[in-house]
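Trainee: build the 3D model from these lines:
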Amino acid sequence: MKIIIQILLPIILLLSAFLGAKALIKNNLPIQNQKPHLPVLKINTVTLSPLDHQPSVHSFGTITTRDEARIMPELTARVIWIDDNFRVGEQVRKDQLLIALEPSNFEAALEEQKANLSDLKRQLAEEKVRANRAKADWISSGRKLEDASELRLRLPQLTALTARLRSTEAAISTASLNLQRTKILAPFAGRVLTRNVTLGEIALPQDTLGTLASVDLAEIRLPLSPEQIARVTGDISPESLVQKSLPIRLTTPDNDGFRTAAIVRIDPTTDARNQVRYFIAEISHPFEQTPFSLSIGMFVNAEINGKILPKSLRIPESALVDDAYLWVVDEQNLLRKLEVVRLASQQDDLIVQAKSPLTGPATIVTRPLTTFRPSMTVSPSSKSNQP
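Mentor: Predicted coordinates for the structure are as follows:
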């Protein structure tokens, strides 16, 4: 019995399949092909309108003094007095007495020259009397004055005494100047950077007794690459930019707020190692606490306003694909490419300009995928007006 069932079962199945296929062909029923359901991709977007942007150019440098003077004596003498403010870090006024040297030798030299001057004046007066007498004697003898020799009229003696008188007057001026030089004054209002003198030591003309830095102005040299210079200057030359005293902002990692400075000149040479040029900025009253004090040698960051970029977009850096285009979503939620030109960087964003002018806001994909294709349907999950 089992053998009969095993033989008949395949025959029954084949017969059933044959009859079913025949019925389908007879009824001519179409075969329905169902398309697979693909989910719509959700993406993050930002909606931006073309605006005028002015990105900043960043540089750095260290604070240096604009005017720095070495305090050096102009003569040899003992130091007899030093001002209490002549110490490192202290501030001094212009023409403030800093150091006094022993004046005794120079006072004596001045008095000696004054005595020599008085004696020469007496000798010159006596010689003038002799010369006048010689002239009168020659005329009274009946001879013509033009026939008399200069020696007979004592003219060489008068000339020599006059020259000695002028030399002594010059020596008095020198002695008086040396006496003034025993008092060493501050050449300008400044802050003491170094002091290398103590009371009682002998000061020599080649000695540096200290250094002063001007408190009115400080300088900073800012290196800028050719690309950065183009972003700052635009269509004008860098030298023309100096006439505008371009403002900059200075910040430090350890202080809140910023200090302002102005570019006043440009180094005429280009660094052969990296092809940068140095813009030199001046800082007014660097040591004042407004809002924080600067010190010589301090490292600072500089921010310079660049030229205005009209009708540009500020986008997240991640939105730019291959440095050439953006993915944007149209009104039908379809993807399309927008070709752009990269203009500048600003913090974590980029400033780009569309090659084809935009007529209105653009919905830009902030993080495009490699699977994106033109005309692909997407679902923007969030939109905003700022990147």
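
Trainee: am I right that residue 326 sits in a strand?
Mentor: Yes - applying DSSP: H, G, I helix; E, B strand; the rest coil, one finds residue 326 inside a strand.

Trainee: count the residues that sit near it.
Mentor: The criterion is other Cβ atoms under 10 Å. On that basis, residue 326 has 22 neighbouring residues. For every residue, glycine as well, the C-beta is placed using N, CA and C.

Trainee: state the pLDDT value of the closest residue to it other than its chain neighbours.
Mentor: Nearest residue to residue 326, sequence neighbours excluded (Cβ to Cβ, 6 or more residues apart in numbering): residue 338, at 4.6 Å. Residue 338 is assigned 94 on the pLDDT scale.

Trainee: distance of residue 338 from residue 327?
Mentor: Distance of residue 338 to residue 327, given as Cβ to Cβ, to the nearest Å: 8 Å.

Trainee: and residue 304, by the same measure?
Mentor: Here the criterion is Cβ to Cβ. By it, residue 304 lies 33 Å from residue 327.

Trainee: number of nearby residues for the residue lying closest to residue 278 once chain neighbours are set aside?
Mentor: What sits nearest to residue 278 in space, not counting adjacent residues and going by Cβ to Cβ, 6+ apart, is residue 267, at 4.0 Å. Residue 267 sits with 14 neighbouring residues when counted by other Cβ under 10 Å.

Trainee: ok, residue 267 - contacts?
Mentor: Residue 267 sits next to 221, 277-280 when contact means Cβ atoms under 8 Å, 6 or more residues apart in numbering.

Trainee: what is the nearest of these to residue 52?
Mentor: residue 279 (24.3 Å; Cβ to Cβ).

Trainee: just list whatever residues bridge to that closest one.
Mentor: Taking DSSP bridges as the rule, residue 279 bridges to residue 222, residue 266.

Trainee: wait, it sits on residue 266?
Mentor: Yes - with contact defined as Cβ atoms under 8 Å, residue 279 counts as touching residue 266 (5.5 Å).

Trainee: more crowded one of the two?
Mentor: Comparing residue 279 with residue 266 by other Cβ under 10 Å, the one with more neighbours is residue 279, at 28 against 18.

Trainee: which residues touch that one?
Mentor: Neighbours of residue 279 in contact, by Cβ under 8 Å, 6+ apart: 59, 221-222, 224, 238, 263, 266-267, 304.

Trainee: sorry, back to before: most neighbours out of the contacts of residue 267, which is it?
Mentor: With neighbours taken as other Cβ under 10 Å, the top of these is residue 279, carrying 28 neighbours.

Trainee: what's the distance between it and residue 242?
Mentor: Note on residue 279: its distance to residue 242, by Cβ to Cβ, is 8 Å.

Trainee: can you give me the strands in the stretch 201-350 of the chain?
Mentor: Assigned by DSSP state E, counting those that start in this stretch, the stretch 201-350 of the chain shows strands spanning 202-203, 210-214, 217-224, 247-251, 259-266, 277-284, 299-305, 309-316, 325-329, 335-346, 349-354.

Trainee: now those in JSON lines, with distance to residue 120?
Mentor: Below are the strands of the stretch 201-350 of the chain laid out as JSON lines (distance: least, Cβ to Cβ, whole Å):
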{"stretch": "strand 202-203", "distance to residue 120": "33"}
{"stretch": "strand 210-214", "distance to residue 120": "42"}
{"stretch": "strand 217-224", "distance to residue 120": "50"}
{"stretch": "strand 247-251", "distance to residue 120": "63"}
{"stretch": "strand 259-266", "distance to residue 120": "54"}
{"stretch": "strand 277-284", "distance to residue 120": "54"}
{"stretch": "strand 299-305", "distance to residue 120": "63"}
{"stretch": "strand 309-316", "distance to residue 120": "80"}
{"stretch": "strand 325-329", "distance to residue 120": "95"}
{"stretch": "strand 335-346", "distance to residue 120": "79"}
{"stretch": "strand 349-354", "distance to residue 120": "82"}
